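**Q** Predicted structure and sequence below. I'll ask about it afterward.
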Amino acid sequence: MRKIFTLFAAVVCSITMFAQSLQLETKSGQVIANGSTVTIEGEMVDMYGAYGQFESNLYVRNLTESNQGVYAEMKAVTGDTQICWGGGCVPVMPGNSHTTGMGLVGASSSTSLLIDNLVMTPGYMEAIVTRTIEITVWTDKKPEEKISATVTFTNDPEVLAAGVESAEVNSAKVYANGNVLYYSFADATDRQLQVFDVTGHLQKDIRLTSEAGSLSLEGMTKGLYIYRVAEAGKKIVSGKFLVK
């Protein structure tokens, strides 16, 4: 059990070790790991009946006990997106980026990054919107300590069902969709997949020999889990998934 807990702690540290001063999170408080690729639920807001504002619900949290000046750089990957810090909204087209100062973020508090998309078509409140951005944040005190993630925000049920979080390292991909865990790699070789619950208990320990496949999560308790895939005893990918 001690070895399992040690492994669990190492996985957690690998996810969080860089988030010393800031962390990215959703409006509901779900932490977005540094360097991760995530899909989160956006929200359409009626702007006085004139148009819809599709909000990303993406926040940044100050983890320190003092106020910090925070900066953000957003790159639009798919679709036009705007970031509204720094004296007004700046539209950013796909492939372009914009950097802005966010002012002071209070000690141990979070604030919205004010990233959204305007929808002005008829029936905008029922519109399905999906946008992907690359976001990087840092402080004026430690500009070298940057936190980043690739975030897709959407209200499309099919996109949201594709998983809470995926991770890609060296062509390795693991993600959850409903009660199924999918995996794919660059080639077929011996790999070991381990799944831990949030208390560090090993839930699954499975040998993978195929290039791609899936595993049933039926019977697992609802909640957050951490996975680790190793090849020749060396970790190649780790991350989190949610069983709903």
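**A** All right, it came through fine. Numbering: from 1, shown residues only.

**Q** got the CA coordinates for stretch 150-164 in PDB?
**A** C-alpha atoms of stretch 150-164 as PDB (Å, rounded to 0.1, in the frame of the first residue of the first chain):
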ATOM      1  CA  THR A 150      -5.600  24.200 -24.300                       C
ATOM      2  CA  VAL A 151      -9.200  24.700 -23.500                       C
ATOM      3  CA  THR A 152     -12.300  23.900 -25.500                       C
ATOM      4  CA  PHE A 153     -15.400  25.500 -24.200                       C
ATOM      5  CA  THR A 154     -18.700  24.400 -25.600                       C
ATOM      6  CA  ASN A 155     -22.400  23.700 -25.000                       C
ATOM      7  CA  ASP A 156     -22.500  20.900 -27.500                       C
ATOM      8  CA  PRO A 157     -23.600  17.700 -25.700                       C
ATOM      9  CA  GLU A 158     -21.700  15.500 -28.100                       C
ATOM     10  CA  VAL A 159     -18.400  17.400 -27.600                       C
ATOM     11  CA  LEU A 160     -18.900  17.400 -23.800                       C
ATOM     12  CA  ALA A 161     -19.500  13.700 -23.800                       C
ATOM     13  CA  ALA A 162     -16.100  13.100 -25.400                       C
ATOM     14  CA  GLY A 163     -14.600  13.500 -21.900                       C
ATOM     15  CA  VAL A 164     -13.700  15.900 -19.200                       C
END
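
**Q** Show me what the residue nearest the centre of the chain is bridged to.
**A** Among the residues of the chain, Val38 comes closest to the average C-alpha position under C-alpha atoms, centre = their mean, at 3.2 Å. Beta-bridge partners recorded for Val38 (DSSP bridges): Val151, Glu165.

**Q** Quick check, it in contact with Thr152.
**A** Yes - with contacts counted by C-beta atoms under 8 Å, Val38 reaches Thr152, the gap being 7.2 Å. From N, CA and C alone the C-beta is placed, and that goes for glycine too.

**Q** Against Val180, how distant is Glu218?
**A** From Glu218 across to Val180, the span is 9 Å (C-beta to C-beta, to the nearest Å).

**Q** okay, the two: which has more neighbours?
**A** When neighbours are counted by other C-beta atoms under 10 Å, Glu218 and Val180 differ, and Val180 comes out ahead with 13 against 9.

**Q** where are the low-confidence patches of the protein?
**A** 1-20, 86-87, 161-171, 235 (pLDDT under 70).

**Q** which residues in it form helices?
**A** Secondary structure of the chain (DSSP state H): helices located at 2-16, 157-160.

**Q** Tyr59 and Lys27 touch, don't they?
**A** Yes - using C-beta under 8 Å, Tyr59 is in contact with Lys27, at 6.1 Å.

**Q** what sits in contact with each of these two?
**A** Shared contacts of Tyr59 and Lys27 (C-beta atoms under 8 Å, 6 or more residues apart in numbering): Ser112.

**Q** between those two, which one's more packed in?
**A** It is Tyr59, of Tyr59 and Lys27, that has more neighbours when counted by other C-beta under 10 Å, with 22 against 16.

**Q** quick one: the more buried one and Ile83, what's the gap?
**A** For Tyr59, the distance to Ile83 - C-beta to C-beta - is 13 Å.
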